[in-house]
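# my questions are about this predicted structure, shown below with the sequence.
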Amino acid sequence: MRIILMGAVESTKVALETMISNNIKPIVLVTLPLSKAYRHSDFVDLRPLADNYNIPVWEAENINDLNIIKKLRKLDIHYLLVIGWSQILKKEILELSKEGAIGYHPALLPENRGRAVIPWTIIQKKEVTGSTLFFLDEGVDSGDIIIQEAFPVALKDTATTLYQKHLDYLRIILSKVLEMMKEGELPRKPQNHKMASYCAKRRPSDGLIDWNLPAEVIWTYIRALTDPYPGAFTFYKERKLIIWKADYIEEGNFWGLPGQIQSTTEDGTLVKCGDDKFVLIKEVQFKGEERTLALKVIKLHEKLGIDWLTVYKEYKRLLGEKKF
């Protein structure tokens, strides 16, 4: 069976390992050049693993590039397996495989089509999610479903733990699909497009924390945006501070302003939020520095967030220099 694997992230690595363990090596691995690693916060260099098993590696910045299409046309391809590739494949690519192109999505399609699905799943406070393998078409996550596995989302799941659950279930469902491939035709279940929902792309700047929001909402954002994503962030003494780990604290005998540090202990740094409840910050990182415990860098009674007076002064300065 001749399969092309396309991807450049952790889920691609899991797919490659699963194929190898099932004695079905891809005839070619198509991945991003190292110079484009910045496109994915969870980028993985798959070349060493591929080299260990003598799997040819092709680099592609744009999968729909004419030169890539010409190269793929020369291969006798049964399946395209597209896992961890953000570009939508055009019709010319999809038609290169005899049996079809297969994609992976970390949701129970048709729910949560689109981008940044794992963070959105946590922000939505979903109690159940799942992993899906499906046939790709020219739409966005809209093709026929091959297999799905549902699993619970825990109350304290973070992007890190939920991401790992998806990787574990990808191993399971991909192994099943590879066995189906050996036996013959794969099942196809059309999606109910009327039931579809969509997740928008998220950018690193979307992680800015507004301390006037309720504490549980802020805690949820922190959980949703932690590793392998860029992280929720605030500002401390005019420096960007990423918050990687935190807890939600419902009650406390403290009064202060939203964003103000109420106490510092070995457990973390307690921050007042807009609903008079608290977030206990545990692990933080200034840009360009190592991660560290919050209590080592944030001082009691200091205030997190944007200093609007400083912003106003900077605006006036730039205005005086005619940079607006």
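Looks like it arrived, so ask away.

# okay, the residue nearest to residue 43 when sequence neighbours are not counted: pLDDT?
Excluding the flanking residues, the one nearest residue 43 by Cβ to Cβ, 6 or more residues apart in numbering is residue 37, at 4.3 Å. Backbone N, C-alpha and C define where each C-beta goes, glycine included. pLDDT, residue 37: 89.

# just residue 132 next, same as before
Confidence score, pLDDT, at residue 132: 98.

# okay, and it sits in which element?
Take DSSP states H and E as the rule and residue 132 turns out to sit in strand 128-135.

# in terms of secondary structure, what does the next helix or strand after that strand contact?
Note on strand 128-135: by DSSP H and E, the next helix or strand toward the C-terminus is strand 145-152. Where contact means 3 or more Cβ pairs under 8 Å, 6 or more residues apart in numbering; DSSP states H and E, strand 145-152 is packed against strand 128-135, helix 159-183.

# can you give me the buried ones in the first one?
Of the residues in strand 128-135, those with enough neighbours to count as buried (16 or more other Cβ atoms under 10 Å) are 129-135.

# equivalent analysis for stretch 154-165, please.
157-159, 162-163, 165.

# what mean pLDDT does that stretch get?
Averaging pLDDT along stretch 154-165 gives 97.

# what's the answer for stretch 81-94, then?
Looking at stretch 81-94 alone, the average pLDDT works out to 91.

# show me where pLDDT drops low in the stretch 201-324 of the chain?
For the stretch 201-324 of the chain, residues meeting the criterion pLDDT under 70 lie at 310-311, 314-315, 318, 321-324.

# now do the strands in it.
For the stretch 201-324 of the chain, applying DSSP state E, counting those that start in this stretch gives strands covering 232-236, 239-249, 261-265, 268-272, 278-286, 292-293.

# show me what the shortest one packs onto, helices and strands only.
When you say that, I think you mean strand 292-293. Applying 3+ Cβ pairs under 8 Å, 6+ apart, we find strand 292-293 packed against strand 278-286.

# the strand it packs on pairs with which strands, parallel or anti?
Strand 278-286 pairs in its sheet with strand 239-249 (antiparallel), strand 268-272 (antiparallel), strand 292-293 (antiparallel), by DSSP bridges.

# good, we can wrap up now.
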